[in-house]
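Chemist: Take this sequence and fold it.
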Amino acid sequence: MSQDKQQEQSSNWSMVGKDPWTMPLDEIDLSHPGIWHSGEYLPFLERLRRDDPVHYCPRSAVGPYWSVMKYQDIMTVDTSPQIYSSQPTVGIVDTFEEFTLPMFIAMDPPKHDEQRKAVQPVVAPANLQRMEGLIRERVCKILDGLPLHEEFDWVEKVSIELTTQMLATLFDFPFEDRYKLTYWSDVATAIPGGGVVDSQEQRWEAIQECLACFTRLWNERVNSEPGNDLVSMLAHGEATRNMPPMEYLGNVILLIVGGNDTTRNSISGGVLALNENPAEYEKLRANPGLIPNMVSEIIRWQTPLAYMRRTALVDTELAGKQIKAGDKVVMWYASGNRDEEAIDRANEFLIDRPRARQHLSFGFGLHRCMGNRLAEMQLRIVWEEIMQRFEKVEVVGEPQRVYSSFVKGYSKLPVKLRPLA
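Modeler: So this is what the prediction gives:
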């Protein structure tokens, strides 16, 4: 047994190594990162979808909470902000000591709508069109710099590199310092002791460094003409220009994580999915025109954020369960995207799936992911350029998953490249 697995099983809360089909329902706790880190989560999701699709977990390290497992029920919660509030946070933990930052994803209307509107132009269709050439140029440069026939880490060399460059562009951040953005993104969602930071103090130091850096950028841009970058949009936006520092920091962190984690983990997840489903890789080689559809299937299959949390504002009923005002309600997108009642053959990875965009990974309703088109465009370009160069991106070792039940991603993916003959 690996050291990781031994550590997981020694935790009072971990589900690692347990059989979801035989354990009592009220003992199932999806919030613990263990099963996500070890890749054992799918049977737990399946058991709850089948036997208790709106499930109450009375005891966990993060307190009691409801899990919403099925596609339609998740849609109901996600599109009912008058019943299920995004405040105070969309994470399952109420507070990391002083680290609950206000940000528009964790706000309700009208404030949410006003702040989101301030930054929405960065992903407007005309702006995306302007960015496409730059993204393609960067993708080509990254792919052309990769070693052939020798093992390397796809996460580091491709997924992180491309998304970090993109983040630097969106924020007009000093390009030579761009890896700070990756670090701050990882820190913002990390569990202390999980491999990124060792303590809350270390995490808070990094977050304060982020605030100091972005405050300098704000001060430069607020005194300049409005620009096309996120800092300038926040500094000049009517709803955001008078934000207190912690709210500015919260929105910066939100935009960093939103622009980084989801795309990065889908770029890695797509490589893994095609390796685990070689018939689909053959299908792709035979018809690269499937790439846009495949991108949506990759995003469904990966579900780069496993859940979003809401808080019940009133006593309500969902699928026959009585939810009380103040209860935590967690929408498990990773489960809804595998719901056979809503998605035909949901447990299969099919790059030519009909209606492939009908997934939950971007959320629904007023909190639907703002950068969904940008994420899809980056993935599309990556795969268009991969297929121009390589017969196969071959996974040659076990992926290392992120220690988190929220960010569903990879810290390492060893691969070798086989060039086209």
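Chemist: these two touch, right, residue 52 and residue 25?
Modeler: Yes: taking CB atoms under 8 Å as the definition, residue 52 is a contact partner of residue 25 at 5.1 Å. C-beta coordinates here come from the backbone N, C-alpha and C atoms, glycine included.
Chemist: Tell me which of the two has more neighbours.
Modeler: residue 52 (16 against 13; other CB atoms under 10 Å).
Chemist: How much space separates that one from residue 242?
Modeler: 46 Å (CB to CB, to the nearest Å).
Chemist: now do residue 93
Modeler: 29 Å.
Chemist: Which one's more surrounded, the two?
Modeler: residue 93 (16 against 9).
Chemist: What's the end-to-end length of stretch 109-127?
Modeler: For stretch 109-127, the first-to-last residue distance is 26 Å (CA to CA, to the nearest Å).
Chemist: do stretch 83-91 as well
Modeler: One end of stretch 83-91 to the other measures 18 Å (CA to CA).
Chemist: go on, stretch 147-160?
Modeler: Span of stretch 147-160 from end to end, CA to CA: 17 Å.
Chemist: can you pull the buried residues of it?
Modeler: By 16 or more other CB atoms under 10 Å, the buried positions in stretch 147-160 come out as 152-155, 157-160.
Chemist: now stretch 216-225
Modeler: Residues of stretch 216-225 classed as buried: 217-218, 221 (neighbour count, 16+ other CB under 10 Å).
Chemist: Next step: those restricted to strands.
Modeler: Among those, no residue falls in strands (DSSP state E).
Chemist: Counting residues, name the longest helix you see in this structure.
Modeler: Secondary structure of the chain per DSSP state H: the longest helix is helix 245-276.
Chemist: For burial, what's the neighbour tally of residue 121?
Modeler: 13.
Chemist: wouldn't residue 309 be in contact with residue 331 here?
Modeler: Yes: applying CB under 8 Å as the test, residue 309 and residue 331 come out as touching, 7.4 Å apart.
Chemist: Mind checking which of those two has more residues around it?
Modeler: Higher neighbour count among residue 309 and residue 331: residue 331, with 27 against 23, using other CB under 10 Å.
Chemist: Could you tell me which residues make contact with the nearest residue to residue 358 once chain neighbours are set aside?
Modeler: Nearest residue to residue 358, sequence neighbours excluded (CB to CB, 6 or more residues apart in numbering): residue 343, at 7.0 Å. Contacts here follow CB atoms under 8 Å, 6 or more residues apart in numbering; on that basis residue 343 touches 71, 300, 337, 358-359.
Chemist: what number of residues lie near residue 403?
Modeler: 20.
Chemist: how about the residue nearest to it when sequence neighbours are not counted, what does it touch?
Modeler: Leaving out its chain neighbours, the residue that sits closest to residue 403 by CB to CB, 6+ apart is residue 194, at 3.6 Å. For residue 194, the contacting residues are 33, 402-404, by CB under 8 Å, 6+ apart.
Chemist: And for residue 387?
Modeler: Shown in contact with residue 387 (CB under 8 Å, 6+ apart): 284-285, 288, 291.
Chemist: pretty sure it belongs to a strand, no?
Modeler: No: counting by DSSP: H, G, I helix; E, B strand; the rest coil, residue 387 falls outside a strand, being helix.
Chemist: For the stretch 151-300 of the chain, give me the ranges with low pLDDT.
Modeler: By pLDDT under 70, the stretch 151-300 of the chain has no low-scoring segment.
Chemist: All the helices of it, in order from the start?
Modeler: 154, 161-171, 179-189, 200-222, 230-236, 245-276, 278-286, 291-302 (DSSP state H, counting those that start in this stretch).
Chemist: Turn those helices into CSV, columns for distance to residue 316.
Modeler: As requested, the helices of the stretch 151-300 of the chain are arranged in CSV below (distance: least, CB to CB, whole Å):
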stretch, distance to residue 316
helix 154, 44
helix 161-171, 38
helix 179-189, 29
helix 200-222, 34
helix 230-236, 34
helix 245-276, 27
helix 278-286, 41
helix 291-302, 28
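Chemist: To residue 367, which of the ones you listed lies closest?
Modeler: helix 245-276 (11.0 Å; CB to CB).
Chemist: Report the buried residues of that closest one.
Modeler: Buried, per 16+ other CB under 10 Å, within helix 245-276: 247-275.
Chemist: Can you check what angle separates it from helix 278-286?
Modeler: Going by axes from the mean of the first three to the mean of the last three CA atoms, to 10 degrees, helix 245-276 is angled at 90 degrees with respect to helix 278-286.
Chemist: just the angle between helix 245-276 and helix 161-171, please?
Modeler: Going by the same axes, to 10 degrees, helix 245-276 makes 150 degrees with helix 161-171.
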